[in-house]
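Participant: Fold the following, please.
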Amino acid sequence: MEMKCVMVIDANLPTGLISNTAAVLALTLGKEIDKIIGPTVMDGSGNPHVGITTTPIPILKGDSIKIKDLRDKVYSEEFSDLFVVDFSNAAQTTKNYEEYTKKIATFSSNDLEYLGLALYGDKKKVNKLTGSMGLLR
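Facilitator: Okay, the predicted model is just below:
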């Protein structure tokens, strides 16, 4: 099975929040997906370069409604084997993880506004969900 990874980020966000959302999603992907980060490599001068992603990660544009709809679809039976990371207004508006865990517990799934999400898994399934989305530019 060929694997694919994409991010979908709300294109209506300011550039700084888009960048922050992508960074948060990427860090979690790197922690959770085995071998998505390659080993350290050496350049021609013998200097080391810490491993980077081994998988291209297109960043697609969405809006908060499309992202929430996509997240809901991922939790259906058909797509339940995909790995998903989401980043919401509950996370973006807190200053530390303890504050985030307390704040998100006060929201229902319907109350959360999603700034972005990342999907990783079977390429056909990821394409089925995101194939019609354009690149965020």
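
Participant: Please enumerate the helices of this structure.
Facilitator: Remark: helices of the chain, listed N- to C-terminal, are 15-32, 64-74, 89-92, 97-104, 123-130; assignment by DSSP state H.

Participant: for those, which one sits closest to Val50?
Facilitator: Taking C-beta to C-beta, helix 15-32 is the member of these nearest to Val50, at 11.3 Å. (C-beta placed from N, C-alpha, C; glycine too.)

Participant: Let's have the helices of the chain in a markdown table, adding mean neighbour count and distance to Ile9.
Facilitator: Compiled in a markdown table, these are given as follows (neighbours: other C-beta atoms under 10 Å; distance: least, C-beta to C-beta, whole Å):
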| stretch | mean neighbour count | distance to Ile9 |
| --- | --- | --- |
| helix 15-32 | 15 | 5 |
| helix 64-74 | 17 | 8 |
| helix 89-92 | 18 | 12 |
| helix 97-104 | 12 | 19 |
| helix 123-130 | 16 | 12 |
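
Participant: the residue most distant from the middle of the protein, which is it?
Facilitator: In terms of distance from the mean C-alpha position of the chain, Ser45 ranks first, at 34.6 Å (C-alpha atoms, centre = their mean).

Participant: Now do the contacts for that residue.
Facilitator: Ser45 makes contact with no residue, according to C-beta atoms under 8 Å, 6 or more residues apart in numbering.

Participant: So for Gln92, what pLDDT did the model give?
Facilitator: At Gln92, the predicted lDDT confidence score is 87.

Participant: same deal with Asn110?
Facilitator: Value listed for Asn110 in the pLDDT field: 86.

Participant: ok, it to Lys66 distance?
Facilitator: Asn110 sits at a distance of 16 Å from Lys66 (criterion: C-beta to C-beta, to the nearest Å).
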